[in-house]
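In: just need the structure, nothing else, for what follows:
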Amino acid sequence: MGAYAEEYARSIADREAFWAEQAAAIDWFRPPQRVLDADRAPIYRWFRGGRLNTCYNALDRHVISGAADRPALVFHSAITGQRRTYTYAELLERVAQFGGALIQLGIRPGDRVVIYMPMVPEAVIAMLACARVGAVHSVVFGGFAPAELASRIDDARPKLIVSASCGLEGAKTIAYHPMLEAALARSAHQPEHCIVFQREQLRADLVEPRDIDFAPLMRPGAFEPASCAEVEATDPLYILYTSGTTGKPKGIVRDQGGHAVALAYSMRAIYDIGPGEVMFTASDIGWVVGHSYIVYAPLLVGATTILYEGKPVGTPDAAAFWRVVAEHRVKTMFTAPTAIRAIRKVDPDGALMADHDMTSLRTLFLAGERLDPDTYAWAGEKLAVPVVDHWWQTETGWPIAANPRGVEELPIKAGSPSMPVPGYEVVVLDGSGDAVPTGTDGAICVRLPLPPGTLATVWGDDQRFVDGYLTTFDGHYLTGDGGYLDEDGYVFVMGRTDDVINVAGHRLSTGSMEAVLASHPAVAECAVIGVADELKGQLPRGLVVVKAGIDTPPDEIAAELVALVRDEIGAVAALRRIDIVAALPKTRSGKILRKTMREIADGLPGAVPSTIEDPAVVEDLRPILQPGA
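Out: Residues are numbered from 1 along each chain as shown. The predicted model follows:
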């Protein structure tokens with residue numbers, strides 16, 4: 001039995017013993033009285049009775065153990081050129097200082113604090129300070145539209161908002177304070193105060209007495225530094241909102257104890273990162289990836305984390321990520337496949353890599369969307385390191401399936417995020433809730449209880465949690481993703497279950513068609529959507545972005561792609577129309593807006609979410625997508 005198989009079997013056969021063992025990696029003020037509390041099943045709670053502080057585990061204990069001078073947080077702005085390294089002692093000093101300010105402003109354990117900031121160290125300081133004093137933070141992606149920010153303010157009902165005067169997106173300066181003002185004008189709930197970090201690129205006009213300048217709060221001696229509040233393991237650490245199907249934002253609640261234990265375990269087992277090693281997660285603190293693997297997980301294990309302000313291309317070029325790796329001697333890098341495809345489109349031969357010494361890099365992790373085999377192969381060839389696809393969700397907070405590099409380096413299969421992570425009992429079910437045969441598509445689910453670190457509930461609404469995730473299949477968490485398990489137990493995630501289309505009675509995965517399209521040497525990015533058809537119910541339709549420097553006429557490329565899908569999948573796929581387009585619409589986190597494109601193609605308005613990166617891309621596609629076009 002291999003190391004992974006043994007560890008996975010232990011995690012399922014005796015969950016309590018396994019997670020009690022992992023909990024020993026965390027410092028507790030009072031050890032848990034119960035490892036797993038099933039009294040309110042299907043809502044399970046981990047480490048009931050334990051008392052701890054997440055900030056203490058992320059900062060104080062490393063300083064106490066002699067790592068005060070070790071780099072904790074490195075700020076790397078590709079836009080301003082700014083670099084700043086905070087040691088564990090320096091970061092602790094600033095977090096305790098800001099925590100003292102929060103206490104002076106009346107923040108107590110359990111109070112909510114909304115954080116609406118760009119990728120600057122002050123945002124991380126604010127998050128950790130909330131954890132230090134026991135407040136519940138809710139980070140809203142910097143630059144979110146006022147209506148979306150307002151809905152989150154009304155749901156979380158924060159006592160305080162921490163914001164900034166502006167954010168930087170490439171060459172653009174985005175004024176945050178006017179958007180915050182507009183959000184507050186729409187909100188029924190009003191915070192007592194707003195703390196505003198003034199950036200030199202654009203200063204905000206503060207509204208007294210509500211608004212408070214961030215800088216004076218950080219002057220030594222302004223407040224007594226905050227000590228660590230002792231909180232229950234089952235108390236909430238943060239709320240992170242995802243879009244709900246009802247239009248009402250869905251606040252995913254992460255608890256204190258399970259979160260700390262799970263993330264510390266994931267750093268050892270999956271990412272193979274320990275004290276003093278450097279992790280670069282190219283995401284944003286507004287997303288779950290940023291919460292977990294920019295802010296909390298690296299600090300929990302005493303590693304160094306990179307806070308990157310910039311984009312994969314254009315700030316200033318397609319070597320931006322490689323510059324970070326070389327400059328800071330990064331061991332593990334984590335980003336989205338979209339970022340790699342963007343780099344590849346601009347620099348298809350990887351020529352810009354040659355200018356940077358990336359010998360420190362051991363692994364590239366990719367997540368956030370399906371990793372097509374072509375992108376996987378390109379990254380592996382150019383970087384000459386293992387490329388690890390892994391799969392997880394905002395709701396889970398850490399990976400469901402991955403190649404556990406710290407336990408055992410399993411063989412990599414292109415198109416698969418590898419095996420279920422210890423703690424996750426992954427099953428694939430049909431519409432009746434029965435397990436499907438190996439290799440058969442179905443709904444990917446996780447048998448309850450979910451492991452520590454996953455969502456505890458939906459903020460303020462346990463029933464919404466149960467109804468949305470736990471009732472479709474009794475005793476299981478519904479991931480909302482479809483796919484299959486192969487004969488070796490590898491997970492293959494083919495897309496959201498609503499991305500499975502029905503063509504004349506045949507259930508077809510758009511993800512499978514995308515994988516074929518992406519294998520064509522001219523294709524940089526692609527998406528396949530199901531479009532309503534009077535005869536066959538639905539027909540697939542492809543949209544493709546070609547690589548830079550391709551001279552082949554678009555009609556020829558489209559014809560080759562149609563033939564390729566027919567050869568690889570068969571005529572049953574019925575993919576006959578492919579449009580070559582300049583760009584695909586995406587969220588800021590890099591997910592392609594397939595649902596929006598599908599709605600437009602079906603003659604609907606095509607809702608454009610607040611998370612979209614560039615609304616103009618959708619408008620450019622409307623004439624192409626609309627029925628009859």
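In: select the longest helix from this protein.
Out: helix 88-104 (DSSP state H).
In: just checking, what packs against that one?
Out: strand 71-77, helix 121-133, helix 214-217 (3 or more C-beta pairs under 8 Å, 6 or more residues apart in numbering; DSSP states H and E). Every residue, glycine included, has its C-beta placed from N, CA and C.
In: if we look at the worst-scoring helix or strand of the chain on mean pLDDT, which residues are touching it?
Out: Ranking every helix and strand in the chain by mean pLDDT, DSSP states H and E puts strand 506-509 at the bottom, with a mean of 74. Applying C-beta atoms under 8 Å, 6 or more residues apart in numbering, the external contacts of strand 506-509 come out as 441, 482, 494-495, 499-502, 540, 569, 572-573.
In: ditto for stretch 17-31
Out: Contacts with stretch 17-31, where a contact means C-beta under 8 Å, 6+ apart, come from 10-11, 32, 35-36, 46-47, 49-53, 56-57, 61, 230, 257, 260-262, 264-265, 268, 300, 422-423, 451-452.
In: can you show me the CA trace of that stretch as PDB?
Out: What follows is stretch 17-31, C-alpha atoms only, in PDB (Å, rounded to 0.1, in the frame of the first residue of the first chain):
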ATOM      1  CA  ALA A  17      -8.400   9.700  15.000                       C
ATOM      2  CA  PHE A  18      -7.000  11.100  11.700                       C
ATOM      3  CA  TRP A  19      -8.100  14.700  12.300                       C
ATOM      4  CA  ALA A  20      -7.100  14.600  16.000                       C
ATOM      5  CA  GLU A  21      -3.600  13.800  14.700                       C
ATOM      6  CA  GLN A  22      -3.600  16.700  12.300                       C
ATOM      7  CA  ALA A  23      -5.000  19.000  15.000                       C
ATOM      8  CA  ALA A  24      -1.700  18.500  16.900                       C
ATOM      9  CA  ALA A  25       0.000  20.800  14.400                       C
ATOM     10  CA  ILE A  26      -2.000  23.800  15.700                       C
ATOM     11  CA  ASP A  27      -1.500  25.500  19.100                       C
ATOM     12  CA  TRP A  28      -4.700  25.400  21.200                       C
ATOM     13  CA  PHE A  29      -5.400  27.500  24.300                       C
ATOM     14  CA  ARG A  30      -7.800  24.600  25.200                       C
ATOM     15  CA  PRO A  31      -7.700  21.300  23.300                       C
END
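In: give me the below-cutoff pLDDT ranges for this structure.
Out: Within the chain, the segments meeting pLDDT under 70 span 1, 243-247, 498-499, 505, 507.
In: dead centre of it: give me the residue that sits there.
Out: By C-alpha atoms, centre = their mean, the mean C-alpha position of the chain lies nearest to Val289, the distance being 3.2 Å.
In: what helix or strand is it on?
Out: Using DSSP states H and E, Val289 sits in helix 288-290.
In: which helices and strands does that helix pack with?
Out: Short answer (3+ C-beta pairs under 8 Å, 6+ apart): helix 288-290 packs on no helix or strand.
In: check which residues of stretch 310-329 are buried.
Out: Judged by neighbour count using 16 or more other C-beta atoms under 10 Å, the buried positions of stretch 310-329 are 310-315, 317-326, 328.
In: which other residues reach it?
Out: With C-beta under 8 Å, 6+ apart, stretch 310-329 has contacts from 74, 76-79, 169-170, 278, 280, 282, 304, 306, 308, 330, 333, 335, 339-340, 342-343, 345-347, 352-353, 355-358, 360-361.
In: looking at those, which are in strands?
Out: In this view, the contacts of stretch 310-329 that belong to strands under DSSP state E are 74, 76-77, 169, 278, 280, 304, 306, 308, 333, 335.
In: surely Gly468 and Val458 touch.
Out: Yes - if you go by C-beta atoms under 8 Å, Gly468 and Val458 touch, sitting 7.1 Å apart.
In: number of residues surrounding Gln22?
Out: 21 (other C-beta atoms under 10 Å).
In: of the contacts of stretch 310-329, buried ones?
Out: Buried members of those, scored by 16+ other C-beta under 10 Å, are 74, 76-79, 169, 278, 280, 282, 304, 306, 308, 330, 333, 335, 339-340, 342-343, 345-347, 352-353, 358, 361.
In: Gly397 looks like it's in a strand, true?
Out: No - the assignment for Gly397, made by DSSP: H, G, I helix; E, B strand; the rest coil, is coil rather than a strand.
In: list the contacts of Ile569.
Out: Counting by C-beta under 8 Å, 6+ apart, Ile569 has contacts 508, 512-513, 516, 575.
In: apologies, that question was intended for Leu575.
Out: 513, 528, 539-542, 562, 565-566, 569.
In: hmm, try it at 10 Å
Out: Leu575 is in contact with 503, 508, 510, 513, 516-517, 528, 539-542, 561-562, 564-566, 569, counting by C-beta atoms under 10 Å, 6 or more residues apart in numbering.
In: please apply the same query to Ala504.
Out: By C-beta under 10 Å, 6+ apart, Ala504 lies in contact with 533, 535-539, 572, 574.
In: and it, how far from Cys130?
Out: Relative to Cys130, Ala504 is positioned 54 Å away (C-beta to C-beta, to the nearest Å).
In: repeat for Pro209
Out: For Pro209, the distance to Cys130 (C-beta to C-beta) stands at 22 Å.
In: more neighbours: which of those two?
Out: Per other C-beta under 10 Å, whichever of Pro209 and Cys130 has more neighbours is Cys130, with 29 against 8.
In: so Cys228, which of the three states?
Out: Secondary structure, three-state DSSP: Cys228 is coil.
In: just checking, it touches Ile103?
Out: No - in this structure Cys228 lies outside contact range of Ile103 using C-beta atoms under 10 Å: 11.9 Å.
In: joint contacts of these two?
Out: With C-beta under 10 Å, 6+ apart, Cys228 and Ile103 have common neighbours 132-133.
In: which ones are touching the closest residue to Arg577 other than its chain neighbours?
Out: Closest residue to Arg577 apart from its sequence neighbours, by C-beta to C-beta, 6 or more residues apart in numbering: Arg541 at 5.2 Å. Residues counted as contacts of Arg541 (C-beta under 10 Å, 6+ apart) are 501, 510, 513, 527-531, 533, 574-579, 597-598, 601, 625.
In: same thing with Ser589?
Out: Contacts of Ser589 (C-beta under 10 Å, 6+ apart): 141, 283-284, 286-290, 336, 338, 368-369, 394, 611, 613.
In: now do 7 Å
Out: By C-beta atoms under 7 Å, 6 or more residues apart in numbering, the residues touching Ser589 are 287, 336, 368.
In: leaving out the residues flanking it, which one is nearest to the first one?
Out: Excluding its sequence neighbours, the residue lying closest to Trp287 (C-beta to C-beta, 6+ apart) is Ser589, at 5.0 Å.
In: and the last one, by the same measure?
Out: With C-beta to C-beta, 6+ apart as the criterion, Gly368 has its nearest non-adjacent residue at 3.9 Å, and that residue is Ala336.
In: hmm, that neighbour is touching Gly590, no?
Out: Yes - if you go by C-beta atoms under 7 Å, Ala336 and Gly590 touch, sitting 4.0 Å apart.
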